[in-house]
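Trainee: Quick one, fold the following:
(chains A and B)
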Amino acid sequence: MFSASHRLHCDGLTDAENEVTYGKCNNPHGHGHNYFVEVTVSGQVDPATGMVCNLVDIDDCVRREILDRFDHANLNTLPEFRGQVPTTEVLSVVIYDILKQSFRSAHLEKVRIEETMLNSFEYAGGVELRT
Amino acid sequence: MVYLTRKVEFSASHHYHNPELSAAENQRIFGKCNNPNGHGHNYTLEVTVKGSVDHQTGFVVDLKQLKEIMNREVVDALDHRYLNKEVPEFASQIPTTENIAIAVWKRLQGKLNVAKLHRVRIYETPELWADFYGEE
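Mentor: Next up, the predicted model:
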């Protein structure tokens, strides 16, 4: 879990269009969420360890690459979102792409992010989710 | 392609009974759920849609619109209702969680203008849920 702030605002739209599109999320001062991130990996079970991969390795990678980068940050100010609106759709793609580069011990299946208790987002690298 | 899930709760009552079966068979198959006076649940509905992220807005779908459609098409019709008696789909079908998932899918299908409906999940209790992906 990490906590961050963001503001949804598209420079290509007028102020009125931004207000219509993003509503309260367009507040110029921003607002924040506690984001819960679920990372799903897949792979064969190693006969020696009985594990797909070492959970400690996932924890370390997510802490280093995701939590240290995004926790208590303003997403709009980060280079990862330059030229993009930091919606949770975009955030899920950004996080998937970072983990795809940095976690090599198992296949990254998908990233799921809960923005609130009512809204969540999933990204599997652009392919269909396995059901 | 990004998948977005929106959750909403509603409360309703129902009972399970197949008029083509004997009272004893209904009792054997449905157990406590066959009580003709009904019983209720707090249902949690999760609707998952999928689509491309719009380059300008960063959205797959306007969450506010999705919420309004879910409320209008599902919650307004099912919340605080006796499903067997007040919801047309269940005049001729048993309102199991499976059938509710299918009914909700049919209510939502075609109502979402941008994104594509991917999954309807209905929790009858936190321990029991049904998923429907639209396949027959």
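
Trainee: how about the host helix or strand of residue A:41: buried residues?
Mentor: In the assignment (DSSP states H and E), residue A:41 maps to strand A:31-42. Buried residues in strand A:31-42, defined by neighbour count with 16 or more other C-beta atoms under 10 Å in any protein chain shown: A:33, A:35, A:37, A:39, A:41. C-beta coordinates here come from the backbone N, C-alpha and C atoms, glycine included.

Trainee: OK, contacts around the second one?
Mentor: Under the criterion of C-beta atoms under 8 Å, 6 or more residues apart in numbering or on different chains, the contact partners of residue A:35 comprise A:1, A:2, A:3, A:4, A:70, A:88, A:91, A:113, A:114, A:115.

Trainee: From chain A, how far off is residue B:70?
Mentor: According to C-beta to the nearest C-beta, to the nearest Å, residue B:70 and chain A sit 10 Å apart.

Trainee: Just to check, that residue is in contact with residue B:10?
Mentor: No - contact criterion C-beta atoms under 8 Å: residue B:70 and residue B:10 do not qualify, at 9.7 Å.

Trainee: shared neighbours of those two, anything?
Mentor: residue B:45.

Trainee: you'd agree residue B:26 is up against residue B:17?
Mentor: Yes - counting by C-beta under 8 Å, residue B:26 does reach residue B:17; the two are 5.4 Å apart.

Trainee: Now do the shared contacts for these two.
Mentor: residue B:34.

Trainee: for whichever residue of chain B sits closest to chain A, helix, strand, or coil?
Mentor: Closest residue of chain B to chain A, C-beta to the nearest C-beta: residue B:58 (3.5 Å). Here residue B:58 is recorded as coil under DSSP: H, G, I helix; E, B strand; the rest coil.

Trainee: Now do the same contact list for it.
Mentor: A:8, A:10, A:84, A:85, A:86, A:87, A:89, A:90.

Trainee: redo that, cut-off 7 Å
Mentor: Applying C-beta atoms under 7 Å, 6 or more residues apart in numbering or on different chains, we find residue B:58 in contact with A:84, A:85, A:87, A:89, A:90.

Trainee: the inter-axis angle of the helix or strand hosting the fourth one versus strand A:31-42?
Mentor: This points to residue A:89. Here residue A:89 sits within helix A:88-102, counting by DSSP H and E. Between the axes of helix A:88-102 and strand A:31-42, defined by axes from the mean of the first three to the mean of the last three C-alpha atoms, to 10 degrees, the angle is 40 degrees.

Trainee: Now do helix A:88-102: distance to the chain's middle.
Mentor: 5 Å (C-alpha atoms, centre = their mean, to the nearest Å).

Trainee: still on that earlier bit, partner strands of the strand holding residue A:41 and their direction?
Mentor: The pairing partners recorded for strand A:31-42 under DSSP bridges are strand A:2-6 (antiparallel), strand A:107-114 (antiparallel).

Trainee: C-terminal to that strand, what's the next element?
Mentor: Next along from strand A:31-42, by DSSP H and E: helix A:55-62.

Trainee: if I look at the residue nearest to the spatial centre of chain A, how far off is residue B:62?
Mentor: For chain A, the residue sitting closest to the mean C-alpha position, by C-alpha atoms, centre = their mean, is residue A:92 at 3.4 Å. According to C-beta to C-beta, to the nearest Å, residue A:92 stands 17 Å off from residue B:62.

Trainee: that older thread, report the buried members of the contacts of residue A:35.
Mentor: Among the contacts of residue A:35, those that count as buried by neighbour count (16+ other C-beta under 10 Å) are A:2, A:4, A:70, A:88, A:91, A:113, A:114, A:115.

Trainee: Among those residues, which pair sits farthest apart?
Mentor: Using C-beta to C-beta, these span at most 14.2 Å, a distance reached by A:70 and A:114.

Trainee: Per-residue pLDDT of the residue of chain B positioned farthest from its centre, please?
Mentor: Within chain B, residue B:56 marks the point farthest from the mean C-alpha position, 32.4 Å out by C-alpha atoms, centre = their mean. Residue B:56 carries a pLDDT score of 92 in this model.
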